[in-house]
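Peer 1: with the sequence up front, the predicted model follows.
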Amino acid sequence: MKKIFFIVSFALIVNFSFAQGCSDAGLCSINHAFQSNEKEFRNTIEVAAILGAGESDVKYFSPYISYTKRFNEHYSFTSKVAFSAAKGSFGTKSQFGDAYLIGNYTFKEKNKKQWSTLVGLKFPFNSSNLKINGYSLPMDYQSSLGTMDLFLGTNLHYKKWDFNGAVQIPVINSNKNSYFKEYSGPDDFPSTNLFERKPDALLRATYSIKTTNNKFTIKPNLLFIYHLGEDSFENIFGKRETIAGSDGLTINGNLITAYDINKQNGIELSLATPFVVREVRPDGLTRSFVAGILYKYSF
């Protein structure tokens with residue numbers, strides 16, 4: 001127990017120390033869809049809450065609920081609905097964000113290696129143009145990117161390791177954001193009028209450590225996220241402009257500590273911090289602090 005306490009405490013200290021930002025359009029959180037190797041139960045419900053701090057003074061509370069159905073040892077299906085509340089100098093705005101539908105196929109284990117693949121879609125609940133008192137808000141206050149995205153991914157499980165790769169591709173852009181920093185009081189955020197976002201690619205390595213009583217599982221993991229191009233917006237003259245420095249690499253460190261209360265119930269604490277960030281992150285996904293807690297029930 002002392003060892004677990006030290007690891008969690010260290011992660012908290014590191015998380016507060018790297019106040020630069022995490023960027024996740026949904027790609028980082030789909031790894032749960034790979035974890036469909038439950039043998040005893042066919043259904044799992046997860047309820048989670050995430051706290052975060054973004055650019056300038058923006059604070060976030062982002063709960064979600066998900067349901068996973070395992071049809072057999074190979075096929076599973078996950079659905080998820082996310083909500084977001086943002087509070088800062090512009091005011092407070094709360095709204096449902098996105099819905100996720102993800103299918104997973106797990107291959108038969110061979111030589112201690114097990115592959116799985118997934119395909120999924122993310123659907124926005126709004127066009128990313130939420131306003132306060134009629135005033136346009138930057139992307140940092142929006143609960144969704146306003147795009148329907150396609151997810152494609154694969155995972156290799158080997159002994160205590162998991163290696164997964166995935167891409168997130170915007171396929172339909174319904175973003176109607178109308179924020180111009182020139183017409184805003186604070187200029188902390190870039191203009192994102194009719195914002196268009198490029199795809200992301202992810203590579204992740206996770207190592208699982210179980211305690212002797214098998215109650216606790218500690219999963220440190222490292223994520224490499226590459227934004228495949230510069231995002232763009234439409235300027236006041238109706239011409240599209242690319243946002244210099246919005247492409248490139250983000251490297252995040254993440255620590256998940258899971259506790260199995262019993263066979264059906266469990267909780268997880270997740271803490272994340274960036275080590276490398278993109279120069280500019282106009283999508284509003286920057287986080288200087290991220291902490292999440294999750295409860296899951298299987299039946």
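Peer 2: Great, that's in hand. Quantities reported herein were computed from a predicted structural model and do not represent experimental measurements.

Peer 1: partner residues bridging Gly88?
Peer 2: Gly91 (DSSP bridges).

Peer 1: check Asn155 too.
Peer 2: Here Asn155, judged by DSSP bridges, has bridge partners Ser116, Asn164.

Peer 1: let me know how buried it is, in neighbour terms.
Peer 2: 23 (other C-beta atoms under 10 Å). Every C-beta, even on glycine, is put in place using the N, C-alpha and C of the backbone.

Peer 1: just checking, it touches Asp162?
Peer 2: Yes. The pair Asn155 and Asp162 passes the contact test of C-beta atoms under 8 Å, sitting 6.0 Å apart.

Peer 1: quick one: low-confidence parts of the stretch 1-150 of the chain?
Peer 2: Within the stretch 1-150 of the chain, the stretches with pLDDT under 70 are 1-25, 27, 30-39.

Peer 1: all strands of it, in order?
Peer 2: Applying DSSP state E, counting those that start in this stretch to the stretch 1-150 of the chain gives strands spanning 43-53, 59-70, 75-88, 91-106, 113-124, 131-132, 135-136, 147-158.

Peer 1: other residues contacting the fifth one?
Peer 2: What it means is strand 113-124. Residues from elsewhere that reach strand 113-124 (C-beta atoms under 8 Å, 6 or more residues apart in numbering): 26, 30, 33-34, 36-37, 78, 97-108, 144-158, 166, 168, 174.

Peer 1: Leu121: neighbour count?
Peer 2: 16.

Peer 1: can you tell me how far it is from Val47?
Peer 2: 22 Å (C-beta to C-beta, to the nearest Å).

Peer 1: tell me which residues touch Leu101, please.
Peer 2: Phe77, Thr78, Ser79, Gly120, Leu121, Phe123.

Peer 1: can you do 10 Å?
Peer 2: Phe77, Thr78, Ser79, Lys80, Val119, Gly120, Leu121, Lys122, Phe123, Phe151 (C-beta atoms under 10 Å, 6 or more residues apart in numbering).

Peer 1: and what of Tyr105?
Peer 2: Contacts of Tyr105 (C-beta under 10 Å, 6+ apart): Ser36, His74, Tyr75, Ser76, Trp115, Ser116, Thr117, Leu118, Val119, Thr154.

Peer 1: filter the residues you listed down to the buried ones.
Peer 2: Burial by neighbour count, 16 or more other C-beta atoms under 10 Å: within the contacts of Tyr105 this picks out Ser36, Ser76, Ser116, Thr117, Leu118.

Peer 1: which of those sits closest to Lys210?
Peer 2: Each of the buried ones among the contacts of Tyr105 was checked against Lys210 using C-beta to C-beta; the closest is Ser36, at 19.0 Å.

Peer 1: the helices in this structure, which residues?
Peer 2: Chain-ordered helices for the chain, with DSSP state H as the definition, fall at 2-17.

Peer 1: how close does His157 sit to Glu268?
Peer 2: Distance of His157 to Glu268, given as C-beta to C-beta: 18 Å.

Peer 1: those two: which is more packed in?
Peer 2: Neighbours per residue (other C-beta under 10 Å) separate His157 from Glu268, with His157 holding more: 21 against 18.

Peer 1: in TSV, list the contacts of Leu101 along with distance to Gly185.
Peer 2: Listed next are these as TSV, based on distance: C-beta to C-beta, whole Å:
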residue	distance to Gly185
Phe77	46
Thr78	41
Ser79	40
Lys80	35
Val119	43
Gly120	39
Leu121	37
Lys122	32
Phe123	33
Phe151	37
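
Peer 1: the residues you listed, buried ones only, as a PyMOL selection?
Peer 2: Of the contacts of Leu101, the buried ones go into a single PyMOL selection, burial set by 16+ other C-beta under 10 Å:
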select buried, resi 77+78+80+120+121+122+151
